[in-house]
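**Q** Compute the structure for the input listed below.
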Amino acid sequence: MKKVLRNVLLLLFLTIATNMTLWGQDEDQPTPKEVMAQPNLYIWGEAKGLTYQIAKAHALQAIASQISVQIESIVISIQNQHTQQGNGHPNQKHTVFSDSFGSYIKSYSNILISNATDIVLSKPDAPEVNIFVFIKKSDITKLFEERKQKIYSYVKLALEAEDRIQIADATRLLYWALLLTKSHPDVLGMYYKPNPDKPKDSLLLVTWLPEKLNQIFNAIKASVNGIEGENTNVKTITMFCVYKGKPVTNLDFKYHDGNTFTESNGCKDGFGHLEFVGSQAKFINKYIIEVEYEFKSLARADKEVEILQNEGHGQAFPKSRITLGNASLNPTHYPHEKSKLKKYQDEAHYKPHSTERNLEPTLVYKDESQVKSIQSVNQHPILNATMTQIVQAINTKNWQSLKPLFSAEAWEQFNKMAIYGNVTLVKSDSLTFENFDDKIIVRPLKLKFSFPNSNKKFVEDLVLNYDTLTKKIDNINFGLNQIALKSIENQSLWSWHDRQVLIQTMESYKTAYCLKNIDFLKSVFDDNAIIIVGKKITATNQNDYKNHSKVVLNRYDKKTYLKNLERAFQTNEFINIEFEKSTVRKGGKNGNIYGIQIKQNYHSSHYADQGHLFLMLDLNDPKKPIIHVRTWQPVDDLSIPPYSLGDF
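**A** Residues are numbered from 1 along each chain as shown. Model prediction:
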């Protein structure tokens, strides 16, 4: 362990030292006198006030107009170059940028002002506070270049998300890239390059991005998969959604409830949920969804996008509205995709469903060659009755009636899930069961959780462990999605038993974050766990489609990390994480030590990110897994490869 710590500390030192050199953090801060003596390098302002906040606000106001003039000069210079080079129409001096010239300049000015350096000139006992603020003029051009790099990074990540059928991520990133592109003074100098070897194939981003979004919207097909409560005052529609013939991994959407469009809802592994209440429930028979692409609540994670959205910039996409078909989608509707969809269904153990959603669950057993024995449903009448009772209780919100079905710990976990958000049953007619030791694993009971304060909704798969000895549910978690689940199941180098333990461990880990279960995390992290969290700092580079960000690595001990995490739990209405594709390696010593690299999508009411998560897991006692190492790095960073078992 000492060797591990020494290597990690050395790596941290080298990384931080490199970043300090790259970013000029070792430069001395200039004095106000030096700043004022170099008007060609700095923009500065000075003001007094009764408090620090008042004085700083006046000082920033003093430099705001100077910044705007400087930005406007740079913008006009850049666009004049394009006019002279024949880019765009010669009479359209500012092209797309000119449509909102003033407000775009304001957005840049606001960002620069928020990053201004301030120096207090007055003494502590002075009657007024005297503040001096300044920025480097070079920060303006740097901001333009950083925004350009962010645009290319978003495009790259969006196309990768599209390949994984993660439509929510693809539409969000493409739309945010479009907002940033239209706000950039070099709008005529940024291209999408599908083939770098053929420059003639390059397309202007500002025209390619909206076309790409429309292509995605056109390729989405959705249909009614089930109806419950038809001709009543509460009607529930189960929607099945595919993209290019494949069930969507994720997709956010709004739907018209007869009066207006609702807040955002989630669609997971193809299935979404629409609910109609009141008189509209009886009479509405045309179901219209609007695929989400703005993601205003998540824009808090990107200040530049948030500013542009708050100032009213944007673009409407009528093609994002889709009318649900009446017939369930199945492979016969997509002949050219039939083999691909069949492969997906085989891997995911998916089967088409009837148009009516059954209240009583249909139990289907997986046909896994590695599973020692699979008993038929008829041999488990108690289990069948248990699942039917759970489904009925969720529909009626009669939680207390379920208490006899659970062990004490599982009942406590179930109660936390019941208050995680406003819960609604989405789907229960395609449950799968598989034997694991003396348990039977039941998945996926699909539930929708909504969070009114954040206008956010998620669909989660409930996974239940039924103890064949006690005849009770003794564990319950939020399940992995199909990408993450199959990614671990297909790691055929390791035993089927160990893969099941890995899956259950990752589901427990995910659930602990979602339910803010700090006690579980305290128990699962080793007291001497190595915890490394990467923080991204964006660099400037001219090479398109390559994000040259640098990452500052921060190492925490268990106590500090969990204290920070507990603070995040307290300040967020919700936390939700989803995993994707993974790589699993087994250590050569100390028995069942596994390292798993897995992509993680993190959402909370105040923040969202994507990153590479690495966990070193001790599974020698499958009932008490231990995390020895946890690292996280931003997904779009190329400066440091994701950590793996070999690094420790």
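**Q** Give the pairing partners of the host helix or strand of residue 599; include direction for each.
**A** Taking DSSP states H and E as the criterion, the element that holds residue 599 is strand 593-604. Strands flanking strand 593-604 in the sheet, each with its direction: strand 575-586 (antiparallel), strand 608-618 (antiparallel) (DSSP bridges).
**Q** want to throw these into TSV with distance to residue 473, mean pLDDT and mean neighbour count?
**A** Using the backbone N, CA and C atoms, a C-beta is placed for each residue, glycine as well. Supplementary listing: these in TSV, determined by distance: least, CB to CB, whole Å; pLDDT from 0 to 100; neighbours: other CB atoms under 10 Å:
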stretch	distance to residue 473	mean pLDDT	mean neighbour count
strand 575-586	23	85	19
strand 608-618	24	86	21
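**Q** show me where the stretch 451-600 of the chain has strands.
**A** Per DSSP state E, counting those that start in this stretch, the stretch 451-600 of the chain carries strands over the ranges 456-467, 472-478, 525-537, 550-556, 575-586, 593-604.
**Q** weakest of those in terms of mean pLDDT?
**A** The minimum mean pLDDT among the strands of the stretch 451-600 of the chain belongs to strand 550-556 (a mean of 77).
**Q** same for that one, what does it pack against?
**A** Here strand 550-556 is seen to pack against helix 2-23, strand 525-537 when contacts are counted using 3 or more CB pairs under 8 Å, 6 or more residues apart in numbering; DSSP states H and E.
**Q** how far off strand 525-537 does it point, in degrees?
**A** Computed with axes from the mean of the first three to the mean of the last three CA atoms, to 10 degrees, the direction of strand 550-556 lies at 160 degrees from that of strand 525-537.
**Q** ok, residue 386 - contacts?
**A** Listed by CB atoms under 8 Å, 6 or more residues apart in numbering, the contact partners of residue 386 are 405, 466, 473.
**Q** again with residue 515
**A** By CB under 8 Å, 6+ apart, residue 515 lies in contact with 413, 416-417, 420.
**Q** Kindly report the same for residue 50.
**A** 128-129.
**Q** Can you tell me how far it is from residue 124?
**A** In this structure, residue 50 and residue 124 are 14 Å apart, going by CB to CB, to the nearest Å.
**Q** I'd guessed residue 436 sits against residue 503; true?
**A** No: under the criterion of CB atoms under 8 Å, residue 436 is not in contact with residue 503, lying 9.6 Å apart.
**Q** Between the two, tell me which one has more neighbours.
**A** Remark: of residue 436 and residue 503, residue 503 carries more neighbours, 22 against 17, as counted by other CB atoms under 10 Å.
**Q** Which residue, other than its chain neighbours, is closest to that one?
**A** Computed as CB to CB, 6 or more residues apart in numbering, the closest residue to residue 503 that is not its neighbour in sequence is residue 488, at 5.3 Å.
**Q** of the contacts of residue 515, buried ones?
**A** With neighbours counted using 16 or more other CB atoms under 10 Å, the contacts of residue 515 contain these buried positions: 413, 417, 420.
**Q** Compute the number of surrounding residues for residue 53.
**A** The local packing count at residue 53 equals 11, with neighbours defined by other CB under 10 Å.
**Q** That one and residue 256, how far apart?
**A** The spacing between residue 53 and residue 256, counted by CB to CB, is 45 Å.
**Q** Now do the strand holding residue 599 against strand 456-467, angle only.
**A** Put simply, strand 593-604 runs at 140 degrees to strand 456-467, going by the same axes, to 10 degrees.
**Q** roughly how far is strand 593-604 from the heart of the chain?
**A** Relative to the mean C-alpha coordinate of its chain, strand 593-604 is positioned 12 Å out (CA atoms, centre = their mean, to the nearest Å).
**Q** Tell me which helix or strand residue 139 sits in.
**A** With elements taken from DSSP H and E, the one containing residue 139 is helix 138-163.
**Q** list the helices and strands the very next helix or strand once past that helix packs on?
**A** Taking DSSP H and E as the definition, the helix or strand that follows helix 138-163 towards the C-terminus is helix 167-182. Using 3+ CB pairs under 8 Å, 6+ apart as the contact definition, the elements that helix 167-182 packs against are helix 138-163, helix 205-219, strand 250-255, helix 303-310.
**Q** Let me know which of these is tucked in deepest.
**A** Greatest average neighbour count among those goes to strand 250-255 (a mean of 24), per mean count of other CB atoms under 10 Å.
**Q** residues in contact with it?
**A** Strand 250-255 is touched from outside by 166-169, 220, 241, 243, 261-268, 272, 274, 287-292, 295, 481, 578, with contacts defined as CB under 8 Å, 6+ apart.
**Q** now swap in stretch 54-74 and tell me
**A** Counting contacts by CB under 8 Å, 6+ apart, the residues outside stretch 54-74 that touch it are 43-49, 105-106, 108-109, 112-113, 116, 118, 128-135, 137, 140-141, 144, 185.
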